[in-house]
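# predicted model and sequence follow; I will ask about them next.
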Amino acid sequence: MDSYVFFTNVLPVNEWVCQRFKVNKIPTSASAFSTTVLRTREMVFSFPDILASPCCDTGQILIVGKEAILVQDKLVGKCEKLHLERITSTPANENLSSVAVCLKYTLMARLSPLWNSVGKWLFAGKLFLHSKEPIMAVELEILTAGTYFEFILKPQCFKLNLLRPSELNLSKQAVLKFMEGDKDEVLYTEHFGDQRVKVLPNLTTATLVSITKKIPDNTVFKDWNEMRRYWKNMYGYRLTEDEGSEPVVYYNVRFRNSSVLTYPEWTIRPDDPQLVRRSDPKPCIVDFVKSVRLKMRTICGSDYRIEPQVRRVQNAMVPAGDVQYASSSLIPGFTKPNAPRKILAPSNIPNMQTHWENINSEPCNGKDENSPVNQEIKTPAKIKPTFKPVARISNLNVKKNSPVIKELKALTVPEFSQKSCISLPKMPTPMKGENNLQSSQSRREDLNASQKKCDSPLATSKIEGTLQTPNSIAHLHTIASHGKRENTKEVLDKNSLHEPTPKKKRALLDVNVEQIARTEGISGLMKVNSASLLHFLRSKHVKEAKAKTKKEALINLVMQNFSG
């Protein structure tokens, strides 16, 4: 998919500072990763005039903003409440890469739930987790060029399939027993074996440990509402539209050697998102740009605008004279697609989707036969040829000037075809005792007579109009029956064969080659053709001169032997 680049106006980056904070206190019931991310998001949503990004590996937070804002009592008090200690402070123009990272994270945080982080993409729709239809997505990259920023957007379209029980190699009896049992029913690796799954939001690969119908007691979440609130504050996901819509099952997974973690069924996927090709990028780009302007009014307290002109990134070099600039509006900046595309809208699905309650309709092989993605492509029927053999004129019992004869005559006959192409009827087998052998002399006379008749205009017109005399047919059968025995020169007239034209020999020039070699040298010999040089050398009995010798070699032979 092509990339589209947007530019912001010039911003006062030299007035910004980049400060690094350290997270001093981590709750016992939480990890350093979740604590760093949650406190970074709290700073982003508490102060709209700053940019922030977590450094989870070091347990630190980067904050970018004007120095007057970062020293306010409200922000300082918030940092003390969250146990954030300021470590360093540097000008933003000396650390532009960190500014771009903070801008991207802050923008992604504020765009949720309109655009949600899934791997390296942003998926559109508040309830995209429950969508069965293709979902619009954007891959966002932000670069800085000193005083302005570049937004590089790659629009795409994906299908994000839910994990089906049949994809876990579970038998229908095991699933029915699990679903009909009480809340304590559990499916272990003994039921589904060693399974790898993809975990949102980063699409990280994990090992499936067990499947339960309730949140296990040994997790950090007390109930469903607490888990739902965690996903909203941590990633901006809206797992359900209301608090009462609890998932049917929970997946317990392990990342390498870590402890077992519990995830609701909508956040576990069997594989990476499936790309849907030939989707129209215009609605995706327009909706994303509108969402950016809606959710982020300012950048570090400064008003900004995104240039309405869309500049498409080309993979090949384009001459300067071929560059065409779009108009000042946003919509005409998009190029027309070369193939039919699907136009999609953001997915806002009100009903929750699950594959555990309708196990009776679940296919055994794990594929949905009704899904357009999994439907088998029918092989198109073979095209039967409708060409019919062209009937020869001699086999048609029609009149000479009929429309059929005129149409057949209009057909192009190759120049290398034989002079006459007349289909011969089968001759009756001679009776025993009849002498069907003719002397060579009589056959030649009959052949010459038939050839003369065929060459005459009257005979030609009779052949074309199917008015054939018995004698001409007999002569033609004589040619067909004895053609293999006779020599071709005896059967066909010599004048009817086109003999190849002999190759013309190059003319010999009436020049004194030896004198030219002595007076003019190589430049003079270059004006003499090869045939004359070869003839001269052969007349002087130079054995090295042959017919295939090149002209340069012939000149060298002349200069070596006769230039002195």
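Sure, I can see it. Numbering: from 1, shown residues only.
# Lys22: neighbouring residues, count only.
Lys22 has 16 neighbours, counted by other Cβ atoms under 10 Å. In short, each C-beta sits where N, CA and C put it, glycine included.
# quick one: residues contacting Asn204.
Just so we're on the same page, residue 204 is Thr rather than Asn. The neighbourhood of Thr204, defined by Cβ atoms under 8 Å, 6 or more residues apart in numbering, consists of Lys198, Phe255.
# so what's it bridging to?
Beta bridges link Thr204 to Val199 when assigned by DSSP bridges.
# how close does it sit to Pro155?
24 Å (Cβ to Cβ, to the nearest Å).
# same question for Val292.
Taking Cβ to Cβ, one finds Val292 at 14 Å from Pro155.
# then Glu139?
8 Å.
# got it, and Tyr250?
34 Å.
# give me the contacts around stretch 250-268.
Stretch 250-268 has contacts (Cβ under 8 Å, 6+ apart) with 129-130, 162-163, 197-201, 204, 206-216, 219, 221, 227, 231, 237, 239, 247-249, 352-354, 356.
# show me the residues you listed that map onto strands.
Val197, Lys198, Val199, Thr204, Ala206, Thr207, Leu208, Val209, Ser210, Ile211, Thr212 (DSSP state E).
# farthest pair in the residues you listed?
Thr204 and Thr212 (20.6 Å; Cβ to Cβ).
# tell me which of Glu139 and Pro155 has more neighbours.
Ranked by neighbour count (other Cβ under 10 Å), Glu139 and Pro155 place Pro155 first, with 23 against 15.
# the more buried one belongs to a strand?
Yes - using DSSP: H, G, I helix; E, B strand; the rest coil, the secondary structure at Pro155 is a strand.
# adjust the sequence numbering to begin at 670 for everything that follows.
Yes, from this point I'll number from 670; that puts the last item at Pro824.
# specify the beta-bridge partners of it.
On the basis of DSSP bridges, Pro824 is bridged to Val807.
# ok, it touching Cys953?
Yes - counting by Cβ atoms under 8 Å, Pro824 touches Cys953, with 3.9 Å between them.
# any shared contact partners between these two?
Counting by Cβ under 8 Å, 6+ apart, the residues touching both Pro824 and Cys953 are Met805, Ala806, Val807.
# mind listing what the second one touches?
The neighbourhood of Ala806, defined by Cβ under 8 Å, 6+ apart, consists of Val787, Trp790, Leu791, Phe792, Ala793, Pro824, Gln825, Cys826, Phe827, Pro942, Cys953.
# and these, which are buried?
Neighbour-count burial (16 or more other Cβ atoms under 10 Å) is assigned, among these, to Val787, Trp790, Leu791, Phe792, Ala793, Pro824, Gln825, Cys826, Phe827, Pro942, Cys953.
# restricted to helices, list those.
In helices, judged by DSSP state H, the following of these are found: Cys953.
# is it possible to export the buried ones among the contacts of Ala806 to a markdown table including distance to Ile756?
Output for the buried ones among the contacts of Ala806, formatted as a markdown table (distance: Cβ to Cβ, whole Å):
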| residue | distance to Ile756 |
| --- | --- |
| Val787 | 32 |
| Trp790 | 33 |
| Leu791 | 31 |
| Phe792 | 35 |
| Ala793 | 38 |
| Pro824 | 39 |
| Gln825 | 39 |
| Cys826 | 43 |
| Phe827 | 40 |
| Pro942 | 38 |
| Cys953 | 40 |
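# tell me which helix or strand Ile695 sits in.
Of the helices and strands defined by DSSP states H and E, none includes Ile695.
# try Arg779
Per DSSP H and E, Arg779 falls inside helix 765-780.
# tell me, how many residues neighbour Tyr774?
Residues contacting Tyr774 under the criterion other Cβ under 10 Å number 21.
# measure it to Trp935 for me?
For Tyr774, the distance to Trp935 (Cβ to Cβ) stands at 24 Å.
# secondary structure class of the closest residue to Asn1230 other than its chain neighbours, three-state.
Excluding the flanking residues, the one nearest Asn1230 by Cβ to Cβ, 6 or more residues apart in numbering is Val1211, at 6.4 Å. Following three-state DSSP, we place Val1211 in the coil state.
# which residues touch Tyr774?
Listed by Cβ under 8 Å, 6+ apart, the contact set of Tyr774 reads Thr709, Val713, Leu720, Ala721, Ser722, Pro723.
# thought the third one was touching Gly734?
Yes - contact criterion Cβ under 8 Å: Leu720 and Gly734 qualify, at 6.7 Å.
# shared neighbours, those two?
Residues touching both Leu720 and Gly734 (Cβ under 8 Å, 6+ apart): Cys969.
# tell me which of these two has more neighbours.
Higher neighbour count among Leu720 and Gly734: Leu720, with 27 against 24, using other Cβ under 10 Å.
# how much space between the more buried one and Asn678?
Taking Cβ to Cβ, one finds Leu720 at 17 Å from Asn678.
# likewise Ala761?
In terms of Cβ to Cβ, Ala761 sits 17 Å off from Asn678.
# which one's more surrounded, those two?
More crowded of Ala761 and Asn678, by other Cβ under 10 Å: Ala761, with 24 against 13.
# quick one, what contacts that one?
Contacts of Ala761 by Cβ under 8 Å, 6+ apart are Val682, Asn683, Trp685, Val686, Cys687, Val733, Ser767, Val768.
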